[in-house]
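[1] Next one to model:
(chains A and B)
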Amino acid sequence: MKHTISILAASAVLASSQAAMAQTEIEFWHAFTGRLGELVAEQVETFNSSQSDYTVVATHKGNYSETLNAGIAAFRAGEQPDILMVFEVGTATMMAAKGAIKPVYEVMDDGFDQSKYIGSVKGYYTSPDGDMLSLPFNSSTPVLWVNRDKLEEAGINPDTDLSTWEQVGSVLDQLKDAGVDCPMTTAWQSWIHLENFSAYHDVPFATKSNGFDGTDTELAFNSAAQVAHISAMGEWAQDGKFIYAGRRNEGGANFRAGECALFTESSAGYAGIKAEAEFDFEVRPLPYWKAVASEPQNTIIGGASLWVMEGQSDEEYQGVAAFLDFLSSPEIQAKWHQDTGYLPITSEAGDLTRSQGFYEANPGTDIAVIQMTAKEPTANSKGLRLGSFDQIRGIIDEELEAVWAGDKDAQAALDSAVERGNALLRRFEQASR
Amino acid sequence: MGHMEKRVTFKGIWLPLLLVLPQILITAIFFFYPAGQAIWQSLFIPDPFGLSMQWVGLGNFEYLLSDRYYRASFVTTAVFSILVTVVSMGVALYLAILADRLIKGSGTYRTLLIWPYAVAPAVAGVLWLFMFNTRVGVVTWYLGLLGYDWNHVLNEGEAMGLVVVASAWGRISYNFLFFLAGLQAIPRSVIEAAAIDGAHFWTRFRTIVFPLLSPTTFFLLVVNIIYAFFETFGVIHTITSGGPQQATTILVYKVYSDGFVGQDLGSSAAQSVILLVIVSLLTVIQFKYIERRVHY
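    Predicted structure coming up:
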């Protein structure tokens, strides 16, 4: 399967290291640039120098969507990599591709202990029998970021309780009255305010256990709980208490510049906020509606996992297993978790981080971990497994924009998003039949 | 002017065939083959990895045309294309008339006007996005001083305006070049004769210049509409991603989003076929009806 270019690349690598005569090359395609790209390169370098049988070659293939497309195109041409990074919304697409992927639990050797992985992290990527189909790589979960200085300026006690949306609502009123231009903003509106909202309040986002039990699933996020939340957000948007900045994480720039008091964003926003914020900031758990749930369930993850592609040699699969095992080791995981703000994928890595005193030195960094793991996930909070989901998110974005702009009420917008999304789910069901 | 052409004729069939062969080959490989593939694929619902395909006949077309959001995208595309064409050609013609009347410094003026053409659509998109960024944009800031709250992230009209301006901007250079060349090809003597007869600038423009410019205008009309249909993807992708709501989702953007975001290659192929038909129809209509009014 190896072609001219990889042979050339391999011979270049071989030429530079004499002891590498028998090394098997493992191709790994990922979507990371900048600081995250450096950290991935560092992991790969550490692995390559830790043993002499395999060489992992990591290649950046663009953003998440582009990396998935590159993997698909390469598979169609018979030139797929050994390991492909796929974002969480591409999970159903990968699972449906039976002849294109090799489940991780089959790649790993007999001693593979799946129980060491954190349930709410791996749960997104397991088969109905609980077997891991891909290896969670970078997982995060949404939290509430607070600009303490902004609260103080508005005459609000920065330690005020913000654990429920009811409390957040009254703080937004006070911020608005104090003349704050941006009381609250958000990143990733569908992920945080519908997908995680549903899991956190233990209401279904889609039928059939959010799609885990079959591709004949239908969207269900237009029920009373979600409508109430989107309705409240819509009112806040109309009153200038919630400032909509864009579909992705555009709101991050507003928060990091110190313009916004509250910001719902991934826990992995940590590195950027810590680097740029010139104000006193803090991480709080994502708020919940007391009127909907007496206490919150768990939030779900976002991020990406590593899929092993079909059609490679046995030696390569052994190398892949060794690399994935290396990534799961407590030291490597703990370092990744601390450097990036992503969740640890094993409980050992979390324990190691705690014993190293990281959480004490960096208060709030364990909130995401606690929020994810405090409760055993239910059918509504295990994750989502929906085909064409990247595009369904696009539809949700469009409909939410109609609410923020005041063009539609929450019920009409969510009904429309469900109807349009269901059409795509039916297409996906047909395509993967 | 046809009778003034010198026609070269070849004897036999082989030499002319040989001479057009490269062009035919290129057209076949880069146009007919992909177009054929698109038509073939539009009859199936394939899975993204190419592991299986299901014959649906015209099912993809039925699915698309029954989707009112897809139908709405036709209107969006028409509005967008007309605006881009009118803005880019109107401004270019105005600038060309000014440049044509320049005596000094016309070289510099022309060179400066041609520059934007070298900027790729995606880069142009990013440039305009920065100027109109709702938080740090320079233009947004000045508009704020004037009391206008610019927010193309939620305001559909502003979003459309912004992608139209960003798409038309680079195109003005191209149109300008053609208009200027067209203007300079108009014999001075005709215009001077009209001036001596007492025709003012506007009368001269309406009765002499514009009719004589019509071949250029017609050519640009065809080329600009095709540009607005197909080559503005980069601008839309970088500035609005088709939003807010579906305000800037033009047909070609939907092909991308269904094919490469949704991995729905059947629907994407069917949309390409529909686009192919639309553009062919548009071109036929333009040549059949508008060209009649063109004076060569």
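[2] Please look at A:Gln167 and A:Arg284 and confirm they touch.
    No: counting by C-beta atoms under 8 Å, A:Gln167 stays clear of A:Arg284, with 10.6 Å between them. In this view, the C-beta of every residue, glycine as well, is placed from N, C-alpha and C.
[3] which of these two has more neighbours?
    Taking other C-beta atoms under 10 Å in any protein chain shown, A:Gln167 and A:Arg284 do not tie; A:Arg284 has more neighbours (17 against 14).
[4] ok, and the nearest residue to that one once chain neighbours are set aside, which helix or strand is that part of?
    Closest residue to A:Arg284 apart from its sequence neighbours, by C-beta to C-beta, 6 or more residues apart in numbering or on different chains: A:Leu144 at 4.3 Å. A:Leu144 is located in strand A:142-147, with elements delineated by DSSP states H and E.
[5] what packs against that strand?
    When contacts are defined as 3 or more C-beta pairs under 8 Å, 6 or more residues apart in numbering or on different chains; DSSP states H and E, strand A:142-147 packs onto strand A:260-266, strand A:281-284, helix A:367-373.
[6] That one pairs with which strands, parallel or anti?
    strand A:260-266 (antiparallel), strand A:281-284 (antiparallel) (DSSP bridges).
[7] after the last one comes which helix or strand?
    Beyond strand A:281-284 on the C-terminal side, the first helix or strand identified by DSSP H and E is strand A:302-309.
[8] strand partners of that next one, parallel vs antiparallel please.
    When DSSP bridges is applied, strand A:302-309 pairs with strand A:83-87 (antiparallel), strand A:101-102 (antiparallel), strand A:135-140 (antiparallel).
[9] Show me what the first one is in contact with.
    Residues from elsewhere that reach strand A:83-87 (C-beta atoms under 8 Å, 6 or more residues apart in numbering or on different chains): A:26-32, A:64-65, A:67-68, A:71, A:93-94, A:134, A:137, A:302-309, A:320, A:323-324, A:390.
[10] With adjacent residues omitted, what lies nearest to the residue in chain B that chain A sits nearest to?
    Per C-beta to the nearest C-beta, B:Gly262 is where chain B lies closest to chain A, at 3.7 Å. Nearest residue to B:Gly262, sequence neighbours excluded (C-beta to C-beta, 6+ apart): A:Gln391, at 3.7 Å.
[11] Confirm for me that that neighbour is in contact with B:Val261.
    Yes: using C-beta under 8 Å, A:Gln391 makes contact with B:Val261 at a distance of 5.1 Å.
[12] These two: which is more packed in?
    Taking neighbours as other C-beta under 10 Å, A:Gln391 and B:Val261 compare with A:Gln391 leading, 22 against 19.
[13] tell me the mean pLDDT over the one helix or strand the more buried one maps to?
    Element membership for A:Gln391 (DSSP H and E) is helix A:389-404. Averaged across helix A:389-404, pLDDT comes to 95.
[14] quick one: it to strand A:83-87, angle?
    20 degrees (axes from the mean of the first three to the mean of the last three C-alpha atoms, to 10 degrees).
[15] Please save the CA atoms from helix A:389-404 in PDB.
    This file holds the C-alpha atoms of helix A:389-404, laid out as PDB (Å, rounded to 0.1, in the frame of the first residue of the first chain):
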ATOM      1  CA  PHE A 389     -24.100  16.100  12.300                       C
ATOM      2  CA  ASP A 390     -21.600  18.700  11.200                       C
ATOM      3  CA  GLN A 391     -24.300  19.900   8.800                       C
ATOM      4  CA  ILE A 392     -27.100  19.600  11.300                       C
ATOM      5  CA  ARG A 393     -25.100  21.900  13.500                       C
ATOM      6  CA  GLY A 394     -25.100  24.400  10.600                       C
ATOM      7  CA  ILE A 395     -28.900  24.200  10.500                       C
ATOM      8  CA  ILE A 396     -29.100  24.700  14.200                       C
ATOM      9  CA  ASP A 397     -26.800  27.700  13.900                       C
ATOM     10  CA  GLU A 398     -29.100  29.200  11.200                       C
ATOM     11  CA  GLU A 399     -32.200  28.700  13.300                       C
ATOM     12  CA  LEU A 400     -30.700  30.100  16.500                       C
ATOM     13  CA  GLU A 401     -29.500  33.200  14.600                       C
ATOM     14  CA  ALA A 402     -33.200  33.700  13.700                       C
ATOM     15  CA  VAL A 403     -34.000  33.700  17.400                       C
ATOM     16  CA  TRP A 404     -31.100  36.000  18.400                       C
END
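[16] So what touches stretch B:142-150?
    With C-beta under 8 Å, 6+ apart, stretch B:142-150 has contacts from B:132, B:134, B:137, B:139-140, B:158.
[17] buried subset of these?
    Buried by 16 or more other C-beta atoms under 10 Å in any protein chain shown: B:132, B:134, B:137, B:140, B:158, out of the contacts of stretch B:142-150.
[18] just these that are near chain A?
    B:Thr134 (C-beta under 8 Å from any C-beta of the partner chain).
[19] Could I get the average pLDDT for stretch B:38-48?
    Averaging pLDDT along stretch B:38-48 gives 93.
[20] Give me the distance between the two termini of that stretch.
    15 Å (C-alpha to C-alpha, to the nearest Å).
[21] Can you point out the buried residues in it?
    Quick answer for stretch B:38-48 (16+ other C-beta under 10 Å): B:38, B:41-48.
[22] How many residues are close by the closest residue to B:Ile45 other than its chain neighbours?
    For B:Ile45, ignoring the flanking residues on the chain, the nearest one in space by C-beta to C-beta, 6+ apart is B:Gly266 at 4.2 Å. Residues lying near B:Gly266 (other C-beta under 10 Å) number 26.
[23] returning to that earlier point: these two touch, right, the residue nearest to A:Arg284 and A:Thr164?
    No: A:Leu144 is beyond contact range of A:Thr164, at 11.0 Å (criterion: C-beta under 8 Å).
[24] between the two, who's got more neighbours?
    Between A:Leu144 and A:Thr164, counted using other C-beta under 10 Å, A:Leu144 has the larger neighbour count: 21 against 17.
[25] what does the stretch 1-150 of chain A put close to chain B?
    Within reach of chain B by C-beta under 8 Å from any C-beta, the stretch 1-150 of chain A has these residues: A:65, A:69, A:72, A:75-76, A:93, A:96-100.
[26] that older thread, of all the strands paired with strand A:302-309, which lies closest to A:Leu343?
    Among those, the nearest to A:Leu343 by C-beta to C-beta is strand A:135-140 (4.7 Å).
[27] any idea of the mean pLDDT in the strand holding A:Leu144?
    Taken as a whole, strand A:142-147 has an average pLDDT of 97.
[28] Next SSE downstream of it?
    Counting by DSSP H and E, the next helix or strand C-terminal to strand A:142-147 is helix A:148-153.
[29] what comes up buried for that next one?
    Across helix A:148-153, burial judged by 16+ other C-beta under 10 Å covers A:148-151, A:153.
[30] For it, C-alpha coordinates in PDB please.
    C-alpha atoms of helix A:148-153 as PDB (Å, rounded to 0.1, in the frame of the first residue of the first chain):
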ATOM      1  CA  ARG A 148     -14.300  38.800  38.000                       C
ATOM      2  CA  ASP A 149     -13.200  42.400  37.500                       C
ATOM      3  CA  LYS A 150     -16.200  43.200  35.300                       C
ATOM      4  CA  LEU A 151     -18.600  41.900  38.000                       C
ATOM      5  CA  GLU A 152     -16.800  44.000  40.600                       C
ATOM      6  CA  GLU A 153     -17.000  47.100  38.400                       C
END
